[in-house]
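Engineer: Mind looking at a prediction? Sequence and model below.
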Amino acid sequence: MEDLIIERTSKTPEVSFLVLDKKLTLAGRSIPENSIQFYEGLLSWADAFCASGPGSVEVHIKLEYFNTSSSKCLMDLLKRIEQSPCEAEVFWYYEEEDEDMQEAGEDYAAIIQLPFKLVETSPDA
C-alpha cells in the first residue's frame, strides 16, 4: 500500500496519509466544490489501510476551517476508522481563541468513540 499525499489548495486540505508512520493528517482549509468527490479517495484509502491491520493509528486533524459538507465527510472518515480493526487515536488541533474549531472538536469527540485529544496551538504554529 502506498502513502496518500495531496498538496493543499485554497479550497482543499493537505492530505498526508503515511503507511509506515501509521499517521493520517489533514491540514488547512476544507471547502471543496464537491466534498464527496474530494473525500471519496480518502475514505477508500482509509478503508484499505485499516483492513490491512496496521494496529495503532494516529489521526491528526489540523483544519483551520471546513464547510458543512466537509464536516459530514470528516465524520464519515472518523466513523469508518472507528468501525474498522484500527486502534486509532484522534488529535484535533485548534488555535487558541478559535472557539468554533474547539467546539467542533468537542462535538466530534462526543460522537466518535475513539480516544480524542484536543490540542490548543498558538496562531503562529
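Structural biologist: Received the coordinates, thanks. Numbers count the residues shown, from 1 in each chain.

Engineer: any idea which helix or strand comes after the lengthiest strand in the chain?
Structural biologist: Taking DSSP state E as the criterion, the chain has its longest strand at strand 56-66. Heading C-terminal from strand 56-66, the first helix or strand you meet, by DSSP states H and E, is helix 68-82.

Engineer: chain center to the helix or strand just after that next one, what's the gap?
Structural biologist: Under the assignment DSSP H and E, the closest C-terminal helix or strand after helix 68-82 is strand 87-95. The chain centroid and the centroid of strand 87-95 are separated by 8 Å, computed with C-alpha atoms, centre = their mean, to the nearest Å.

Engineer: Now tell me what touches strand 87-95 from outside.
Structural biologist: 55-62, 64, 78, 81-82, 101-102, 104-105, 108-109, 112, 114-123, 125 (C-beta atoms under 8 Å, 6 or more residues apart in numbering). The C-beta positions use only the backbone N, C-alpha and C, and glycine is treated the same way.

Engineer: Could I have the buried ones of those as ChimeraX selection syntax?
Structural biologist: Buried residues among the contacts of strand 87-95 (16 or more other C-beta atoms under 10 Å), as a ChimeraX selection:
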select :57,59,60,61,62,78,81,101,102,104,105,108,109,112,114,116
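
Engineer: if we can go back for a sec, the longest strand of the chain to helix 68-82, inter-axis angle?
Structural biologist: 170 degrees (axes from the mean of the first three to the mean of the last three C-alpha atoms, to 10 degrees).

Engineer: List the pairing partners of strand 56-66 within its sheet, with orientation.
Structural biologist: Taking DSSP bridges as the criterion, strand 56-66 sits next to strand 23-30 (parallel), strand 87-95 (parallel) in its sheet.

Engineer: closest to residue 37 out of the ones you listed?
Structural biologist: strand 23-30 (12.7 Å; C-beta to C-beta).

Engineer: Name the residues that touch the closest one?
Structural biologist: Taking C-beta under 8 Å, 6+ apart as the rule, strand 23-30 contacts 8, 10-18, 38, 46, 49, 57-67, 70, 74, 81.
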